[in-house]
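Q: just a sequence and a predicted model for now, questions to come.
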Amino acid sequence: MRKTALALLLAATLLPACSPDQGGGTPSATPTASATASDSPSASPSADAETSVPAPAPEPSAAPSGPGQGNAELSIIVTTSEGEPETSYTLVCTDGVPAAESVHPSADAACAALKENAGLLSPANPGSAQACTQQWGGPQKATVTGVVDGVPVDAAFSRTNGCEISSWDAARNVLGVAGGA
């Protein structure tokens with residue numbers, strides 16, 4: 001009786017991992033319910049990890065992450081805190097060099113940063129399974145819209161958790177002086 005129960009349990013565990021439309025029981029790539037808590041995006045990092053290990057850099061989603069051509073036309077709006085006036089910048093770069101129409105406090109550094117990493121303005125995907133430390137970096141917010149190397153940009157930045165702080169810090173030169181908290 002014990003062997004029969006064990007065999008039924010084993011069969012019940014393996015059966016959901018097979019898909020009949022994949023040619024006769026080939027295991028599917030879908031994770032089963034036996035995933036551990038550490039596989040879950042809601043698993044909390046240890047206290048040491050939150051204070052001593054910086055959040056991982058975000059994965060760029062739309063723009064390439066390598067060196068770019070350095071061409072950009074961007075509108076940048078930074079709010080340092082709730083109720084404070086917005087600071088607006090215009091950044092125009094050609095081959096990694098700021099154009100005359102740029103109105104940005106550190107246009108040279110911003111254009112160089114975009115030429116070095118074209119995916120810089122692709123913040124962490126909030127719907128992703130990436131675990132982020134639950135720390136608050138401040139009330140600052142920023143939006144960046146425009147085009148970098150032919151790729152449309154519509155990015156929002158804040159400092160509300162470790163992933164967003166990491167994205168903010170990576171884009172600090174583009175966000176401008178008020179954005180470099």
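A: Thanks, I have it.
Q: show me what secondary structure element comes after the lowest-mean-pLDDT helix or strand in the chain.
A: None of the helices or strands of the chain scores lower by mean pLDDT, DSSP states H and E than helix 47-52, at a mean of 43. Using DSSP states H and E, the next helix or strand after helix 47-52 towards the C-terminus is strand 72-79.
Q: after that next one, which helix or strand is next? Please name it.
A: Using DSSP H and E, the helix or strand that directly follows strand 72-79 along the chain is strand 87-94.
Q: now tell me what touches that following strand from outside.
A: With Cβ atoms under 8 Å, 6 or more residues apart in numbering as the test, strand 87-94 has contacts from 70-80, 98-99, 101-105, 107, 110-111, 114-115, 146, 174, 176, 178. (Glycine included, C-beta is placed from N, CA and C.)
Q: please, a PyMOL command that selects the buried ones among these?
A: In PyMOL, this line selects whichever of the contacts of strand 87-94 come out buried by 16 or more other Cβ atoms under 10 Å:
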select buried, resi 70+71+72+73+74+76+77+78+79+80+98+102+104+107+110+111+114+115+146+174+176+178
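Q: where along the chain do the helices fall?
A: Counting by DSSP state H, one finds helices in the chain at the ranges 2-14, 47-52, 107-116, 162-170, 172-175.
Q: these: lowest mean pLDDT?
A: Of all the helices of the chain, the segment with the smallest mean pLDDT is helix 47-52, scoring a mean of 43.
Q: so, low pLDDT: which residues of the protein?
A: Counting by pLDDT under 70, the chain contains low-confidence ranges at 1-67, 123-128, 177-181.
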